[in-house]
Structure formats: structure tokens, C-alpha cells
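Undergrad: Pasted the sequence and its predicted model underneath.
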Amino acid sequence: MQVVCVCKIDNKKSEIKLDDGRKFRLYNGELRKLSLCEDREISEDIYNEIMLILEKRCKERALYIIERRDKTKYELRKKLIESGYPDSIIDLTINFLEKYDYINDERYCHSYIRSNMNSKSIRQMEYQLRMKGLDKNVICNVLNNFQIESSAVIRKILVSRRYNFKNASFEEKNKQLKYLLSKGFDYDDIIDVIKNGS
């Protein structure tokens, strides 16, 4: 395999592209140490050494990312892709983290729902979890473990928005209805709370 391009990313790192389409990033000091430059042939041993360097670095990066805040597998993969790691190294890293339970989409889903069930609709939570790359079946299974009372959540939101249950005008009721519908709450549940206050 041959290096076809060494593209400087910043003062510290460069991206190396190989003739077979593979690419990876290394520090400039590593480039010098491994004598990597354009049109140079890379032996299998050198390539394997590079992959070991990247695997270690990718694990460290992933642990740093999830140490600060829990992530879904999809979110972590996206961050590692942005950092320029090859797919094969990202797969190894994610498998390692799943094996030792550092990332767990079901646990993430459970934690997210527990934290948001008193302020968001089920639809809104489902949508946001899907945007984080969680599987629909995982979301449904976890949601089944919770007793979410939509009316209580709607009431809490209306109280926080200073809705006057007794003296609200038609326009104010309409405004709150539209707002709550946009947040994914069911029409009948909203109307019931707006009219009856419960």
C-alpha cells in the first residue's frame, strides 16, 4: 500500500490517504518517526503499528467524551468520526466500551426518560431519543417501564407558563393549546387540563 497524500489539518496533525482509499490522522511527530510521506510504500507491519496507535488513541478519546457526559452509541460514533478515526478502529472501540458497559443505549434511554418524564411529552421524548440514534424498539421497551401521567405533565407546564386556569381568555387557551400540541401532547389531554385544570 502506498501513501498518496499527506494533508496538513493543523500545526499538530495531518491526514494520510492511502492508494486503496483508507485514511487516518497522525501527529506530525509520528509521521516523522514512521518516515511517512507522499509516494512512500507502507509495509503491513508499519500499517499494523499505525492501527495500534490509533486504536489506543481512539479508546482514550472515547473515554474522555463519555466521562464528561453519557452518550448513545450513535452520538459517540459521530464524535469519533469527526475526530478522523477510521471506521474499523471506531467499531473496535465501541465494541470494547459496550463489552465493559461504558456505553449502554438502554441505560441511556432509561436515564433520559426518568430525567424528562415530568417536563416533556412521550412523543417529544421518543423523537429526541430517535435523533440520538436509539432504536425504536429499545425506546418502546424502556417507556413501558414508566407510568407517565400526561395530564400531570401538561398541568405542570401550564403552571410554569403562568396559565390562569379560571380566567383564561379564548385567545390564551388557544395559545397554550398550540404550544402544547407543538410539544407532542395529545389534543384531548390538553383540552381536558385547560378546561378542568386537572
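TA: Thanks, I have it.

Undergrad: separation between the residue positioned nearest the centre of the chain and Ile66?
TA: What sits nearest the mean C-alpha location of the chain, by CA atoms, centre = their mean, is Glu75, with 2.7 Å. Using CB to CB, to the nearest Å, Glu75 is found at 9 Å from Ile66. Every residue, glycine included, has its C-beta placed from N, CA and C.

Undergrad: Let me see the confidence value for Lys166.
TA: pLDDT, Lys166: 88.

Undergrad: In a strand, it, correct?
TA: No - checked against DSSP: H, G, I helix; E, B strand; the rest coil, Lys166 lies outside a strand; its state is coil.

Undergrad: Please report the distance of it from Ser151.
TA: Using CB to CB, Lys166 is found at 18 Å from Ser151.

Undergrad: Show me how this protein divides into domains.
TA: 1-42, 48-103, 105-143, 151-196 (automatic domain parsing).

Undergrad: Straight-line length of the second one, end to end?
TA: Taking CA to CA, to the nearest Å, the span from the opening residue of domain 48-103 to its closing residue is 27 Å.

Undergrad: Mean confidence (pLDDT) on the longest helix anywhere in the chain, please.
TA: Among the segments of the chain that qualify as a helix by DSSP state H, the longest is helix 44-68. For helix 44-68, mean pLDDT is 94.

Undergrad: which secondary structure elements does that helix contact?
TA: strand 23-27, helix 73-82, helix 87-99 (3 or more CB pairs under 8 Å, 6 or more residues apart in numbering; DSSP states H and E).

Undergrad: circling back: what about Lys166 and Ser151, which has more around it?
TA: Using other CB atoms under 10 Å as the criterion, Lys166 and Ser151 rank with Ser151 on top: 15 against 5.

Undergrad: Helix or strand: which one has the more buried one?
TA: Secondary structure from DSSP states H and E places Ser151 in helix 150-160.
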